[in-house]
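> Sequence below, structure please.
(chains A, B, C and D)
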Number of protein chains: 4
Amino acid sequence: MKVIVDLTVIPLGIGVSLSKYVAACEKVLTDAGLKTQLHANGTNIEGEWDDVFAAIKRCHEVLHEMGVPRVSGVIKTGTRTDRDQTMNDKVRSVQQKL
Amino acid sequence: MKVIVDLTVIPLGIGVSLSKYVAACEKVLTDAGLKTQLHANGTNIEGEWDDVFAAIKRCHEVLHEMGVPRVSGVIKTGTRTDRDQTMNDKVRSVQQKL
Amino acid sequence: MKVIVDLTVIPLGIGVSLSKYVAACEKVLTDAGLKTQLHANGTNIEGEWDDVFAAIKRCHEVLHEMGVPRVSGVIKTGTRTDRDQTMNDKVRSVQQKL
Amino acid sequence: MKVIVDLTVIPLGIGVSLSKYVAACEKVLTDAGLKTQLHANGTNIEGEWDDVFAAIKRCHEVLHEMGVPRVSGVIKTGTRTDRDQTMNDKVRSVQQKL
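Prediction:
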């Protein structure tokens, strides 16, 4: 099952500077061979469900290994059986209607 | 790794009545032996990461098997290494400060 | 326009103990006369759109006044024109199908 | 109070093709003079709190006027008092650490 995901990770207990941790999570996603698009409030990810969620779990683990005591995440998921759709398709189909 | 999750599933393409599908997902979670608390905008879940996310994947699958062409989900995740905490602990610790 | 909301506030830069701040936000919501239901991952709120969002803005402000340098929030919104529905209706309609 | 927001609107009861409605909401945001960045799972918005949330309310209203009986939304909010930060700053600060 293919899934398009939006992932936001919020490390807690390490101050207000989060970018180092977000970058570490980005590397986990890229190392997993996933297609990603970083944006101002998260990262869009496209891939097989099991691959995507193994990487998200690894993000939580890596942040804890870096010393983060508490990690909050927000994950939006989208699956569909009616047709194949990529992240780029989704953006393009909105832009065509603007 | 233990996780506390808040799951919202939004079936698309089947009209405005979603409760039948939310109930099907609830059964998946309960059948998986997970601790859950249904609320007005989702379901809180407590368990081991792999068990929780296997059940969430199964929710998407079951909804598609019921004929839902498109499923949107919102998952909040919380993991911590500093101490053990249950869903009830979280509510109680806020209520004590009210 | 009536709205049913799920609000999660995540104060950043003040350590891992968030309950004091969540409780302060709860008070803002209650003082605003809104119907609320606290749960393990947030608070469900029911009310007129303008009242609900004035209170949510006030939550951000109050947390900053308490010294929180950075506040993250997650808000789920639900509006419908086909029928009137309360938070309790939503839970009940799922439970009837279990 | 400045806010950086990520908005996802999910119209329900109108089938599986959502882009027409997402585009209508994009126009509302642009007409309000807000800075926006469309991505695969939502739209990032930057602006004054009251302007941003007036536009989000208008999105719900416009979708209902278009005949959508039920609208679900997910809004991530971020406010900070420690320093000024734009959407582009957020992306850049992660990219510098990759």
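
> Where do the helices of chain A begin and end?
Under the criterion DSSP state H, chain A contains helices at A:19-31, A:49-65, A:87-95.

> what about the residue lying closest to residue A:76 once chain neighbours are set aside, how many neighbours?
Using Cβ to Cβ, 6 or more residues apart in numbering or on different chains and skipping residues adjacent in sequence, the residue nearest residue A:76 is residue A:6, 4.1 Å away. Every residue, glycine included, has its C-beta placed from N, CA and C. By other Cβ atoms under 10 Å in any protein chain shown, the residues close to residue A:6 number 26.

> and if you look at the one 4 residues further on?
The number of residues packed near residue A:10 is 23, by other Cβ under 10 Å.

> For the nearest residue to it once chain neighbours are set aside, name its beta-bridge partners.
Nearest residue to residue A:10 in three dimensions, chain neighbours excluded: residue A:72, at 4.2 Å (Cβ to Cβ, 6+ apart). Judged by DSSP bridges, the bridge partners of residue A:72 are residue A:10, residue B:78.

> list the contacts for residue A:72?
For residue A:72, the contacting residues are A:9, A:10, A:11, A:12, B:76, B:77, B:78, C:10, by Cβ atoms under 8 Å, 6 or more residues apart in numbering or on different chains.

> Mind doing that once more with 10 Å?
A:8-12, A:60, B:4, B:76-80, C:8, C:10, C:12, C:18, C:41, C:72, C:74 (Cβ atoms under 10 Å, 6 or more residues apart in numbering or on different chains).

> repeat for residue A:90
Shown in contact with residue A:90 (Cβ under 10 Å, 6+ apart): A:4, A:44, A:46, A:78, D:18, D:19, D:22, D:38, D:39, D:40, D:41.

> Check the gap between the first one and chain D for me.
Separation of residue A:4 from chain D (Cβ to the nearest Cβ, to the nearest Å): 6 Å.

> The residue lying closest to that residue once chain neighbours are set aside: how many residues sit nearby?
Spatial nearest neighbour of residue A:4, chain neighbours left out: residue A:78 (4.6 Å); criterion: Cβ to Cβ, 6+ apart. Residue A:78 is flanked by 23 other residues according to other Cβ under 10 Å.

> Pretty sure residue A:78 sits against residue B:71.
Yes - the criterion here is Cβ atoms under 10 Å, and residue A:78 meets it with residue B:71 at 7.3 Å.

> Where does the prediction get shaky in chain A?
Within chain A, not a single segment meets pLDDT under 70.

> and it, which residues reach chain C?
A:8, A:10-18, A:41, A:68-70, A:72, A:74 (Cβ under 10 Å from any Cβ of the partner chain).

> before we move on, the earlier item: what residues are shared contacts of residue A:78 and residue B:71?
A:3, B:10, B:12, B:60.

> Just give me the closest of those to residue B:91.
Using Cβ to Cβ, residue B:10 is the member of those that sits closest to residue B:91, with 24.6 Å.

> Stretch A:19-34 and chain B in contact?
No - shown here: stretch A:19-34 not in contact with chain B (Cβ under 10 Å from any Cβ), separated by at least 12.4 Å.

> for that stretch, which positions count as buried?
Buried residues in stretch A:19-34, defined by neighbour count with 16 or more other Cβ atoms under 10 Å in any protein chain shown: A:19, A:21, A:22, A:23, A:24, A:25, A:26, A:28, A:29, A:32, A:34.

> The first one and residue D:96: what is the separation?
Which is residue A:19. From residue A:19 over to residue D:96 the distance is 7 Å, taken as Cβ to Cβ, to the nearest Å.

> about what we covered before: could I get the helices of chain A as a markdown table with distance to residue B:91?
Formatted as a markdown table, the helices of chain A follow (distance: least, Cβ to Cβ, whole Å):
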| stretch | distance to residue B:91 |
| --- | --- |
| helix A:19-31 | 27 |
| helix A:49-65 | 22 |
| helix A:87-95 | 36 |
